[in-house]
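In: Generate coordinates for the sequence data below:
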Amino acid sequence: MNNKILKQIEKFVLPEITSKKPVFCVTGAMASGKNFVCQEFEKLGFISIDLDKEVHKVLEEKTEDVFAAFESIAEKQGIRIRTENNELDRRALGSLLFSNSQLLKKHESIIYPALTENIKAFIKSTNELKENRPKGIILNATVLYKTPKLLDKCDLIVYVQANWIKRFNRARKRDHMNEMHILQRFSAQKNLFEKYKQTGKQIIVVKN
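Out: Presented below is the predicted three-dimensional model:
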C-alpha cells in the first residue's frame, strides 16, 4: 500500500466519513491518479465503480444514437467515428467532442441520463446487501458535477491532485495519445477544481 496516499486517507478522509452508508466521489483531472487512489480505498474495505467504464457500457447501448448525432458532423471535419467493422471509434469521437463544447454537451445529453439510472441502481443494490457490505461506495469520476442527481448522493468529494508534468507523462505512456490530443483534454479540464467548489460539497484534496 502506498504510504503517502494511505496516510492522507487516514488523516484527512476517514475522520470526515460519518454516514453509516457513505457514498463519495474520487475525482481529479486526467492522469492525476484517481484509479490508484480508489484501489487504496478498496484495500480498506470500500467498493468503487469507475464511471468512465460505465460510460463505455452506455455508449455501446447508444451507439446508433451517437452515429445519428455526430457522424455527418465528424465527416465534414475529416474524422471517421465509424470503424470498418461498423463499430464506434471512441478515440475519434473524443477528438471531435473535446474540440467543441457544444458537441460535448449534446453527447452528454445522450449518455448521462442512462448513466445516472445505472449508478443509482448500483448504489441501491450495494446498500441493500445483508452480508459483506462494503464500508462505503466510491464513485470514480472526472466530471460528476455534470450529473447532479449522482453528486447529490455524495457525502463529500476527494479531489486527487498531481503536477502537470507527471500527469502529461502518465497520459502519454498509458493512453498512447499524441501530444495534441492530451493537451486538448487537459485544456478541457483546466477549471475542474473550481467546478467542484461551485457545487458546495465538502472537498478533501489528496496529493498523488
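
In: Which strand or helix spans the residue lying closest to L139 once chain neighbours are set aside?
Out: Distances taken as C-beta to C-beta, 6 or more residues apart in numbering put C25 closest to L139, at 4.7 Å, once the chain neighbours are dropped. Yep, even glycine has a C-beta here, placed from its N, CA and C like the rest. Taking DSSP states H and E as the criterion, C25 maps to strand 23-27.

In: tell me, what residue is most central in the protein?
Out: When C-alpha atoms, centre = their mean is applied to the chain, the residue found nearest the centroid is A141 (2.4 Å).

In: List phi and psi for the closest residue to that residue other than its chain neighbours.
Out: Distance criterion C-beta to C-beta, 6+ apart; nearest residue to A141, sequence neighbours excluded, is L51 at 3.9 Å. Per-residue torsions, L51: phi -70, psi -20 (degrees, to the nearest 10).

In: Contacts only, for L51.
Out: For L51, the contacting residues are L115, I119, L139, N140, A141, T142, L144, by C-beta atoms under 8 Å, 6 or more residues apart in numbering.

In: Please verify my assumption that the fifth one contacts V23.
Out: No: if you go by C-beta atoms under 8 Å, A141 and V23 don't touch, sitting 11.8 Å apart.

In: so who does the spatially closest residue to I137 that is not a sequence neighbour touch?
Out: Spatial nearest neighbour of I137, chain neighbours left out: V23 (4.6 Å); criterion: C-beta to C-beta, 6+ apart. Applying C-beta under 8 Å, 6+ apart to V23 gives the contacts I123, G136, I137, I138, L139, K153, C154, D155.

In: how about a cut-off of 10 Å?
Out: 119, 123, 126-127, 136-139, 150, 152-156 (C-beta atoms under 10 Å, 6 or more residues apart in numbering).

In: what about H107, neighbour count?
Out: Neighbour count of H107, defined by other C-beta atoms under 10 Å: 21.

In: Is it in contact with F70, as I believe?
Out: Yes: shown here, H107 and F70 form a contact pair, counting by C-beta atoms under 10 Å, at 7.2 Å.

In: Identify the contacts common to the two.
Out: Going by C-beta under 10 Å, 6+ apart, residues that sit against H107 and also against F70 are L93, L96, L97.
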